[in-house]
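> give me a model of this one.
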Amino acid sequence: QVQLVESGGGLVQAGGSLRLSCAASGRTFTVIAMGWFRRAPGKEREFVAAISRSGANRYYADSVKGRFTISLDSVKNTVSLQMNSLKPEDTAVYYCAAGSRITSVAEEYDFWGQGTQVTVSS
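Numbering: from 1, shown residues only. Have a look, this model is predicted:
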């Protein structure tokens, strides 16, 4: 099993920045990729970004490209999501996920964090 704990959410004004972190523990050697997803009120869960264990491969949703950056500290087993130029439509609960392959498909991730709320005011 792999345990994931997110932190860093909060309230920010439009145009501002937030940095989310996700600390992994347990059988982390089984993790090949980590990703971020989000669920806005009344909407389906959607892919945000993903990164391979080596950090060599990174993928982003079109809606966040150029504004969000995913990074991985393999020593600390922590994945971060730097979010800049935030918009009200970025408001959602953000979830960290870990799995055996890098993908934008939520169902292919095996482990999930509890989520952290990000609210962007206009």
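> ok, the residue positioned nearest the centre of the chain to residue 113 distance?
With the centre of the chain defined as its mean C-alpha position, the nearest residue by CA atoms, centre = their mean is residue 36, 2.3 Å away. In this view, residue 36 and residue 113 are 10 Å apart by CB to CB, to the nearest Å. The way it works is simple: take the backbone N, C-alpha and C, and place the C-beta from them, glycine included.
> identify the contacts common to the two.
Shared between the contact lists of residue 36 and residue 113 (criterion: CB atoms under 8 Å, 6 or more residues apart in numbering) are residues 22, 95-97.
> scan these and report the most crowded one.
residue 96 (28 neighbours; other CB atoms under 10 Å).
> how long is stretch 108-122 from one end to the other?
For stretch 108-122, the first and last residues are 34 Å from each other (CA to CA, to the nearest Å).
> list the buried residues of it.
Within stretch 108-122, the residues scored as buried using 16 or more other CB atoms under 10 Å are 109, 111-113, 115-116, 118, 120.
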